[in-house]
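[1] Next comes the sequence, and after it the predicted model I'd like to discuss.
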Amino acid sequence: MYSEEYRLLSLKTILVAVIFLVMGGAFALILRSQAGLTNTGVPYVVSPVVYFEIMTDHVMSMVFGLAFDVVFGVSLYLVPLLTGTRIVKYPKLANAGLWISTAGILMMLLGGPQNQYMFTFLNPLMPASNWFIGYDLMIAGEWLVMTSIIATSFNWRSNGRLLPLGVAFIVMDMIQMALANMSVFGAVIWSLFSPLGQLGINLTGVPNSEVWKGLFWYADHPLVYFAPYTLLGASLTIIPLYAQRPIYSYRVLRWMVPVLFVLGMSVYVHHIATDPWPLVLRDVFAQTSTALIAIPFAVVWFLVLITLGDPRKLKWDVTLAFLYASIVWNIIGGIQAEPVQPSPATDPTIHNTLWLPSHFHIMLALFIVGGFFGVLYFILPSIIHRAWYSKTLAWINFWGWQIGMALLAVAFNVGGFFGAIRREVAWPAVYQIYYQVAAIGGWIAGFSAAALVLNLVLTVFLGQRLHEEDFPKWLRVALAFERRGMRNEGYKEEELPYLPPESIKNA
């Protein structure tokens, strides 16, 4: 039973994420088509009210639905496997959490016209009961899943051994997000039990918008790093298999876990640097943390790239292509952001332009989602015991995603520097070329995502059956590389991660 349960939980969660990819992608294509066809708002694909509503729905589908569920799906597979137990602790919690959080997201998506104000993620000072209840339902579900994943990581066979590096990153990620979500949960409860909640339970007056904004963004800035940290854990597990050697320094990478935790939790108000916050918040937990967090990411990618070595000598497939491209895009996004985000002189000027969705799409679509596409291409055959149906469709997915999202990101970046304001339905005609290029890029990316979904469906039903293994061969090789690397760096034998047997019979 347990040998299948963790795979089933992972597969269900990943499939829910793919459904949100389709939904969020459909919302995105409506937005890009509308913006590409007209700069006046008419004639329109949808009315301005629906346009702004879809803007909210696109973000919620892609971040809370796609990105978060992919994180949970990958974690529910890798943590039991890497620790050698193949058992999810409290599987009923994980299963309930998936459906509760999904119900919460759907409730937010059905928020109606009020959703047109929610894309700002600021308290709109208006009634929005569906959105408030749905948001906290989503958080409650996420807490259940994160509890299961954290508990699973401590379900060890061998006491005293260190967690595999990938699991360490994933567990740190879960702890960070579980803590960060507390403030936004409280902020939403504040609105719900005020006249805005429309429940008749008015424990307070209308919330103070400045305090509410601070509580909300305390969660949603660590949120930015929720998906990347699990992606780091998965990537650091897979990449040695392509390099055919251990990561250059496991000791340094293990130090990056607490460093990234501290900096990820403290990147707080860097988007509201001009607000009347105390100096320590605006300068230390804004500009300084934003600038510093680039350093551990740079360290991680430096070690990964020198481990991979000469790209010409690598055996390329779509997994490695996505993972390598995600690294490159994260570096590009960091270089793009570091001179702007941490600076009170530039951020207030550029933040409300198309520059910001450019940066966000580089980081979310190209770095995070692209990276997880690579992880999905790698782990899915081990989850369902079927080989991917079509390599051609996989490469269409890769090149379409890279080209389409790059066009969109570059168009938004240049348009933003020339003053194109974001979150609008109409703009001066001089900016229309940037929206047109972004529309072309969006449709290319949309077709590439369709190739992934088609390939996934064909794989589930028609993919070549693979031999079922208790522990996949790649897992034992990956852990053997990690153990060898740690041994070379002076770790004691009893500290090395547990290496599972070839089969349960040999355990």
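    Looks like it came in fine. Residues are numbered from 1 along each chain as shown.
[2] which regions of this structure sit below the pLDDT cut-off?
    Residue ranges of the chain with pLDDT under 70: 1-4, 117-127, 156-158, 218-222, 268-274, 284-286, 502-507.
[3] you'd agree W401 is up against G371?
    No - counting by Cβ atoms under 8 Å, W401 does not reach G371; the two are 11.1 Å apart. Placement of C-beta: from N, CA and C, glycine included.
[4] can you map out the helices along the stretch 151-300 of the chain?
    Taking DSSP state H, counting those that start in this stretch to define them, one finds helices in the stretch 151-300 of the chain at 165-192, 209-220, 226-243, 250-266, 279, 289-292, 294-308.
[5] mind putting the ones you listed in JSON lines, mean neighbour count and distance to I384 included?
    Compiled in JSON lines, the helices of the stretch 151-300 of the chain are given as follows (neighbours: other Cβ atoms under 10 Å; distance: least, Cβ to Cβ, whole Å):
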{"stretch": "helix 165-192", "mean neighbour count": "22", "distance to I384": "21"}
{"stretch": "helix 209-220", "mean neighbour count": "18", "distance to I384": "34"}
{"stretch": "helix 226-243", "mean neighbour count": "24", "distance to I384": "18"}
{"stretch": "helix 250-266", "mean neighbour count": "18", "distance to I384": "30"}
{"stretch": "helix 279", "mean neighbour count": "7", "distance to I384": "54"}
{"stretch": "helix 289-292", "mean neighbour count": "20", "distance to I384": "40"}
{"stretch": "helix 294-308", "mean neighbour count": "18", "distance to I384": "28"}
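[6] and of those helices, who's closest to L456?
    helix 226-243 (18.1 Å; Cβ to Cβ).
[7] Please tell me how far the closest one is from the chain's geometric centre.
    13 Å (Cα atoms, centre = their mean, to the nearest Å).
[8] Over to stretch 383-398?
    Relative to the centre of its chain, stretch 383-398 is centred 22 Å away, using Cα atoms, centre = their mean.
[9] which one's the longest helix in the protein?
    Identified as the longest helix of the chain according to DSSP state H is helix 2-37.
[10] Can you name every helix or strand that that one contacts?
    Counting contacts by 3 or more Cβ pairs under 8 Å, 6 or more residues apart in numbering; DSSP states H and E, helix 2-37 packs against helix 48-59, helix 68-82, helix 91-109, helix 370-384, helix 432-462.
[11] list the buried ones in that helix?
    By 16 or more other Cβ atoms under 10 Å, the buried positions in helix 2-37 come out as 5-7, 9-14, 16-18, 20-25, 27-37.
[12] returning to what we had before: quick one, which of the helices and strands packed on helix 2-37 is packed in tightest?
    Of all these, helix 68-82 has the most neighbours on average by mean count of other Cβ atoms under 10 Å, namely a mean of 27.
[13] Can you tell me the closest non-neighbouring residue to Y225?
    Nearest residue to Y225 in three dimensions, chain neighbours excluded: G264, at 4.0 Å (Cβ to Cβ, 6 or more residues apart in numbering).
[14] follow-up on the earlier one: mind putting the helices of the stretch 151-300 of the chain into a markdown table with distance to I335?
    Putting these into a markdown table (distance: least, Cβ to Cβ, whole Å) gives the following:
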| stretch | distance to I335 |
| --- | --- |
| helix 165-192 | 23 |
| helix 209-220 | 23 |
| helix 226-243 | 16 |
| helix 250-266 | 18 |
| helix 279 | 28 |
| helix 289-292 | 13 |
| helix 294-308 | 9 |
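[15] Tell me which of those lies nearest to K492.
    When the helices of the stretch 151-300 of the chain are compared by Cβ to Cβ, helix 250-266 sits nearest K492, at 12.7 Å.
[16] Can you name every helix or strand that the closest one contacts?
    When contacts are defined as 3+ Cβ pairs under 8 Å, 6+ apart, helix 250-266 sits against helix 165-192, helix 226-243, helix 289-292, helix 294-308, helix 473-488.
[17] nearest to Y250, of these?
    Closest to Y250 of the helices and strands packed on helix 250-266 is helix 473-488 (Cβ to Cβ; 5.0 Å).
[18] hmm, back to that, of all the helices and strands packed on helix 2-37, which one is nearest A180?
    With Cβ to Cβ as the measure, helix 68-82 is the member of those nearest A180 (12.8 Å).
[19] on contacts alone, who are the packing partners of that closest one?
    With contacts defined as 3+ Cβ pairs under 8 Å, 6+ apart, helix 68-82 has these neighbours: helix 2-37, helix 91-109, helix 129-153, helix 165-192, helix 226-243, helix 370-384, helix 473-488.
[20] Output it as CSV, restricted to C-alpha atoms.
    Output in CSV follows, covering the C-alpha atoms of helix 68-82 (Å, rounded to 0.1, in the frame of the first residue of the first chain):
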residue,chain,number,x,y,z
PHE,A,68,2.3,25.8,-5.3
ASP,A,69,0.8,22.4,-6.3
VAL,A,70,3.8,21.5,-8.4
VAL,A,71,5.9,22.2,-5.3
PHE,A,72,3.7,20.0,-3.2
GLY,A,73,3.6,17.2,-5.9
VAL,A,74,7.3,17.1,-6.3
SER,A,75,7.9,17.2,-2.5
LEU,A,76,5.4,14.4,-1.9
TYR,A,77,7.3,12.2,-4.3
LEU,A,78,11.0,13.1,-3.6
VAL,A,79,10.9,13.3,0.2
PRO,A,80,9.6,9.8,0.9
LEU,A,81,11.9,8.5,-1.9
LEU,A,82,15.1,10.3,-0.9
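[21] mind checking how far that helix is from the chain centre?
    Between the centre of helix 68-82 and the centre of its host chain there is 13 Å, according to Cα atoms, centre = their mean.
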